[in-house]
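[1] Structure of the sequence below:
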Amino acid sequence: MEPALRAADPQLLERLAERVRTHQPNFFLFGHMTSTGTAVAYLLDAICNRNRPKDRRTNFRSFFANAGTEALGGALRTAWRAASHERLRHFPHTLLFDPSRLLRDYFNPCGREEGHELLPGISFVEELGAVARRREEIQPAVVVIRAEPGMPVDVCRELFEVCRRTGTLTILDESLVDFREQGFFCEELHADIVVFGEALADRRMPFGAFLMSERAYRPWSTNATYKLHATTFGGGQTVLSVVLDTLRTQWPPAADEQEVLASIASSRRARRRLYRKHVNKWAPFGFSLSGFDFDLLEASGSTLRTSSGVEFLDCVGCAGANFRGHNPPDLVDVLRSHDPTHDYWSDLREQLHELTGLPCAFPGVSGASVVEHALILAQLAAGERTRIVTFKDNFAGTTPVALNCSTAYGPNEPYGLCRDVVFFDPFSPDTPDALRRELASGQVGLVWLELIRGVDLRRLPDDIFRVINEERQTGGYLVGVDEVLTGAFRTGQFLFSQGRLADPDIVTLAKGLSDMFIPFGVTLVTSALHAAARDRNPELVDALERRLLNQLGSHVAVNALRFAVNHDMGKHVQRVGKRLREGLTEVLRSVDYLGEVRCEVRGEGLLLCLDWSDATSYARLLVSSRLSERGAVLLNRLQCKPPLTISESEIDEIVRRVAQALRGTTQLGNRTRGLVRILSALVIDRVLR
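    So this is what the prediction gives:
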């Protein structure tokens, strides 16, 4: 299977280098409102509505992902949440035409029986002519057509019309075709959800997107749900700038569309109104409430500068992806010296082997993608041991396969997940004994865990690690560790699991390897696991090794890791992390009401958070917004993830700004201010409608 991406050409590399040199913002926080994202979403909506009859036109909202397959996964999850729950109770509930034949193996790598697949409930069809007959047989809730070059439009148009009349949700996946050769199928086929892939970035940068009609968007349309589907790197401005240029070049906007694009670039109100209309209707409200409603002009190191001239210290860093901060200066040289003929992926694989002891690697584009690869490979290698053990509030991503191990989200999915997943509460006193019994059952194929949970930065107890280590030899299970957040020196060690879990079979890395520049991730495995997986399904293993291969991302990661090793980053993180923890702890003691609720600083290295026992999401949001507005320091949900290269003087400045922002804070004052913020955000939302 050929990689989805081609080599970056010199013109693109120079454009990217210039973005870094001039400190243009790229990643900050998923869903942050930008002119680039708004413009891309506006143009994609126009494409999907171009040839629709007036009575069939609908407003499409875009979700930005990092690959076509990742976007399809999000589209499936969205469709299942929007579809009739009555139909979802009947298996199979989804009909999927896939000429590539990849997804059948991807979602059910071992050919297991109904309900035991990694993603249950899907009936696969590989011949377009068989779709209509199969639809009649199973009456699915969702029909998916993966378009292929030369696909007969008339057959699909008739199928989609039948689905519309019977209330069946439709997904049109255009990620396998190049629209430059034959245009967009969505101009002729009117689906509820449309999926695009790497072709929109000229197949030179990782990208995917799915567009939702009003009907399909409904699951994400409330204040309680609008953030439940997310990805760390989606919506990065560097990739979206390439997409926007591709769209403008290949499909020149009409005069009236040019006027709209100009207003997006020049008018903050127009930009926010159209972002609300074409991306996320709750984003203006949510970012206003959190104190993150600003336009970024410049990003460098630990600092973000806004259009109003405020300079923030950034401890959000794209949820911990800020390995060396925004726009590291040496990235300019990396981009300008990049050799499209060199195999940087092999360089990275060897470097990671030295750092982790794991010799085999699979490329990814996000944390969710590398976790999905890990679960697929583990199922292939585990054979007849079908059970997966994980832990309560583990977070593995929001794509459908990864949701099997995202126990904070997965059990609430209406379509049902793999029946072979068992989860334990790591903080229950009964868990060590119960876990030991489960691991000794002979049924467990994989134990999957975050050692520090991403949702709250609580470290799992040592007893959990001890039981996993002790039962492993007789239990015969694989151990997989999610280091997407904790890895790459974020906690002071390259892997937080080193010294805690003996020789894991699988390790996933993502955030730090991006160097805050390009979507990237890696799944690392042992030689034995790789061989066992290949013996069972060599075609699938080969596809996973090549499909998301990205030489430019590999080059960026190699450079960042060499910098980290040469500058002894692990010791630096331990030193400045201790300084930051002690400084923040002293500040919290000086704030009466935070002292009364016993607010603490929790975490390891430069992965910290401020929290207290009965804290709610709303309470954390209020304190975060106060830090943003009064201290010009940014913490999302009170999690503090500054760049690993941060200096001691910058640590002291963070502590000083936090102290300044929290000085004089009272519980009553905070609640009053919260009500004012809600009213203000509601007014803004009403004005933008």
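[2] The nearest residue to residue 380 once chain neighbours are set aside is in what secondary structure piece?
    Nearest residue to residue 380 in three dimensions, chain neighbours excluded: residue 533, at 3.8 Å (C-beta to C-beta, 6 or more residues apart in numbering). Where C-beta positions appear, they are placed from N, C-alpha and C, glycine not excepted. Secondary structure from DSSP states H and E places residue 533 in helix 527-536.
[3] for that helix, packing partners?
    Helix 527-536 makes packing contacts with strand 360-364, helix 367-382, helix 538-546 when contacts are defined by 3 or more C-beta pairs under 8 Å, 6 or more residues apart in numbering; DSSP states H and E.
[4] how about those in a markdown table, adding mean pLDDT, mean neighbour count and distance to residue 40?
    Output for these, formatted as a markdown table (pLDDT from 0 to 100; neighbours: other C-beta atoms under 10 Å; distance: least, C-beta to C-beta, whole Å):
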| stretch | mean pLDDT | mean neighbour count | distance to residue 40 |
| --- | --- | --- | --- |
| strand 360-364 | 98 | 27 | 23 |
| helix 367-382 | 97 | 28 | 21 |
| helix 538-546 | 96 | 17 | 27 |
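[5] mind checking which of the ones you listed is nearest residue 556?
    Closest to residue 556 of the helices and strands packed on helix 527-536, according to C-beta to C-beta: strand 360-364, at 12.6 Å.
[6] what sits against the spatially most central residue of the chain?
    Nearest to the mean C-alpha position of the chain, counting by C-alpha atoms, centre = their mean, stands residue 231 at 2.1 Å. With contact set as C-beta atoms under 8 Å, 6 or more residues apart in numbering, residue 231 has these partners: 30, 64, 65, 66, 70, 74, 366, 367, 368, 397, 398, 399.
[7] from the residues you listed, which ones fall inside strands?
    Secondary structure of these is defined by DSSP state E; positions in strands are 64, 65.
[8] and the contacts of residue 231 as CSV, adding distance to residue 469?
    What follows is the contacts of residue 231, written out as CSV (distance: C-beta to C-beta, whole Å):
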residue, distance to residue 469
30, 35
64, 40
65, 36
66, 34
70, 34
74, 36
366, 30
367, 25
368, 27
397, 26
398, 30
399, 30
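[9] which one among the contacts of residue 231 gets closest to residue 489?
    Distance to residue 489, by C-beta to C-beta, is smallest for residue 367 among the contacts of residue 231, at 16.7 Å.
[10] From residue 405, how far out is the closest one?
    Distance of residue 367 to residue 405, given as C-beta to C-beta, to the nearest Å: 12 Å.
[11] Now list whatever residues contact both of these two.
    With contacts taken as C-beta under 8 Å, 6+ apart, the residues that reach both residue 367 and residue 405 are residue 396.
[12] quick one: contacts for the closest residue to residue 476 other than its chain neighbours?
    Taking C-beta to C-beta, 6+ apart as the measure, residue 476 lies nearest to residue 385, with 6.8 Å between them; neighbours along the chain are not counted. Neighbouring residues of residue 385 by C-beta under 8 Å, 6+ apart: 442, 443, 444, 445, 476, 477.
[13] Now list the buried members of those.
    443, 444, 445, 477 (16 or more other C-beta atoms under 10 Å).
[14] Next, format those residues as a markdown table and append pLDDT.
    Written out in a markdown table, the entries for the buried ones among the contacts of residue 385 read as follows (pLDDT from 0 to 100):
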| residue | pLDDT |
| --- | --- |
| 443 | 95 |
| 444 | 97 |
| 445 | 97 |
| 477 | 97 |
